[in-house]
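> Output the structure for:
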Amino acid sequence: MAEDEFTFETIHQVLLKEKKYKRLGKLDQRFWENSQKLLDDYKQRYQNELAQQPDSLITAEHASNIRRLLQQINHIRRLRERKILFLALEMIDDDSMEIRNLLKPEERLMEELTAMLRTSREENRFESETQVLRNLAAAELPTRMEPVPPAEEPPVEDSFTKQPEPEVVVAEPEPEIVEEPEVPEEDGDELEYVKVRIKKGEGTNNFLAHDNRNYVLRKEDILYLPKINAEVLVQRDFADFV
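Next up is the predicted model:
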């Protein structure tokens, strides 16, 4: 993955692969470094545009792109950290297991996790099933069995005079119905599109929308845009809803 080819789309593709596969994806060792450089570049563009045109559409889009970039980078980090944790749990049970596709910072994380998990295992160690059986087999058994005195028989009661006691029936409590808590669904990848008419622009203004596509703004053009981008255009008087 060459540094000059590292773009927003690069990070987006990495996120899709990390979400799809259970194992760690193979990344360039400079992935986190390149991600930080790309983020710094987006911030610099935003600062430059903010100083020249604080209320322009391009300034608003730069701010939106920075938020989206941060969200995707942090999502990738959380996915990989979760995978590394499960790998560490597997590794303390199988020292011969080979771990692949770890980046340098992730290797240190793996070492720290396995060390903490091994310490926890040592402090809460139980005997294995095999050891317990061996200890029981080696225990001394008694050579002489003491006689067991016969049990006393209960006195026989007159069944004609004794009235049977009423049977007490204990009602079983009704099972409690516990409603399953609602689990919020994660935001899907599908976007809602709306139609707008462009009011300004000579074809030189373009921006990257939430669907990762570049749109060119020309006056009187009719475009189908993601709703979140269309709302920004309308608020800044660059377009009208159709």
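> Report the rounded mean pLDDT for stretch 109-123.
Averaged over stretch 109-123, pLDDT sits at 87.
> quick one: contacts of it?
For stretch 109-123, the external contacting residues (CB atoms under 8 Å, 6 or more residues apart in numbering) are 81, 84-85, 87-89, 91-92, 99, 102. Placement of C-beta: from N, CA and C, glycine included.
> Over to stretch 36-53?
Here stretch 36-53 has contacts from 3, 6-8, 11, 56, 58-59, 62-63, 65-66, 69-70, 73, using CB under 8 Å, 6+ apart.
> quick one, strands of this protein?
Secondary structure of the chain (DSSP state E): strands at 193-198, 202-208, 214-218, 222-226, 239-241.
> Tell me which other helices or strands the longest helix belonging to the chain touches.
The longest helix of the chain (DSSP state H) is helix 57-91. If contacts are counted by 3 or more CB pairs under 8 Å, 6 or more residues apart in numbering; DSSP states H and E, helix 57-91 sits against helix 8-20, helix 31-52, helix 104-123, strand 202-208, helix 227-235.
> ok, 6 Å please
Using 3 or more CB pairs under 6 Å, 6 or more residues apart in numbering; DSSP states H and E as the contact test, the elements touching helix 57-91 are helix 8-20, helix 31-52, helix 104-123.
> Format these as JSON lines; extra columns: distance to Val242 and mean neighbour count.
Formatted as JSON lines, the helices and strands packed on helix 57-91 follow (distance: least, CB to CB, whole Å; neighbours: other CB atoms under 10 Å):
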{"stretch": "helix 8-20", "distance to Val242": "29", "mean neighbour count": "15"}
{"stretch": "helix 31-52", "distance to Val242": "28", "mean neighbour count": "15"}
{"stretch": "helix 104-123", "distance to Val242": "49", "mean neighbour count": "13"}
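> how many neighbours does the residue lying closest to Leu27 once chain neighbours are set aside have?
Distances taken as CB to CB, 6 or more residues apart in numbering put Leu103 closest to Leu27, at 6.2 Å, once the chain neighbours are dropped. Around Leu103 there are 18 other residues, counting by other CB atoms under 10 Å.
> now do Ala209
Look at Ala209: counted by other CB under 10 Å, it has 21 neighbours.
> What's the per-residue pLDDT of the closest residue to it other than its chain neighbours here?
With CB to CB, 6+ apart as the criterion, Ala209 has its nearest non-adjacent residue at 4.6 Å, and that residue is Asn229. With respect to pLDDT, Asn229 has a value of 88.
> Just give me the neighbour total for Asn229.
Applying other CB under 10 Å, we find 25 residues neighbouring Asn229.
> still on that earlier bit, so which of the contacts of stretch 36-53 sits lowest on pLDDT?
Checking pLDDT across the contacts of stretch 36-53, the minimum falls on Glu3 at 49.
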